[in-house]
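Chemist: structural data only, the sequence is not supplied:
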């Protein structure tokens, strides 16, 4: 989950950022602030700071320079001439107003990549991507990292999650594999597994971290061997 703080003294600009954050499934709004000082108490709870540059009292640039251990920074401003200075303070991105959702999403993608690189460098496993499963009239939010494996049941899937009863949801393997290609891999016509949940693997079967043993289909053995 990417935890974000938003800072902008313009109420409409701040509201637009809030809407953009709400449209990205793995983002969480930590704080939405109209000034830099209002954001200070929340800095330890954030992964990224979206901050306007031109603000009264203290500019976004001055605020970032004052931070001893800042989160990742994305500047938002109507003035493109600050771009060079922004990157001098190691900003991940620089969004020039007015910017649309696609530009915002591209900035978030860069933030996500930076966080993943940082996690790998520190030896911390990535949290996993968020997947939303439709269950009747409700949606269930699950991190891909928590999924052990998925079993096909015709038009439905049975999703096995560590420490929980399996979920039965409408869907197909394509949707699972596309949701997190680095995490999931098909080993059988009936099973997709989480590669991070493998305890042991052989030519014809895999054992998962919870002790579940699943077969590897003959037509999947070569590709699984190359993946592993």
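Modeler: Good, I have the coordinates. Quick caveat: nothing in here was measured; it's all calculated off a predicted structure.

Chemist: Provide the backbone phi and psi angles at residue 110.
Modeler: In terms of degrees, to the nearest 10, the main-chain angles of residue 110 are phi -70, psi -40.

Chemist: thought it was touching residue 94?
Modeler: No. Counting by CB atoms under 8 Å, residue 110 sits too far from residue 94 to count as a contact (10.7 Å). To be clear about C-beta, it is placed using only N, CA and C from the backbone, and glycine gets the same treatment.

Chemist: of those two, which one has the most company?
Modeler: residue 94 (19 against 14; other CB atoms under 10 Å).

Chemist: quick check: residue 112 is in a strand.
Modeler: No. Under DSSP: H, G, I helix; E, B strand; the rest coil, residue 112 falls outside any strand and is assigned helix.

Chemist: shouldn't it be in contact with residue 4?
Modeler: No. With contact defined as CB under 8 Å, residue 112 does not count as touching residue 4 (11.4 Å).

Chemist: which one of these two has more residues nearby?
Modeler: residue 4 (26 against 20).

Chemist: contacting residues for that one?
Modeler: 21, 27-30, 46-50 (CB atoms under 8 Å, 6 or more residues apart in numbering).

Chemist: pull out the buried members of those.
Modeler: 21, 27, 30, 46-50 (16 or more other CB atoms under 10 Å).

Chemist: return the member of these nearest to residue 135.
Modeler: residue 27 (22.3 Å; CB to CB).

Chemist: residue 177 versus that closest one, what's the distance?
Modeler: Noted for residue 27: a distance of 23 Å to residue 177, by CB to CB, to the nearest Å.

Chemist: same check on residue 205?
Modeler: Taking CB to CB, one finds residue 205 at 20 Å from residue 177.

Chemist: same check on residue 103?
Modeler: 28 Å.

Chemist: before we move on, what about residue 7?
Modeler: Separation of residue 7 from residue 177 (CB to CB): 38 Å.
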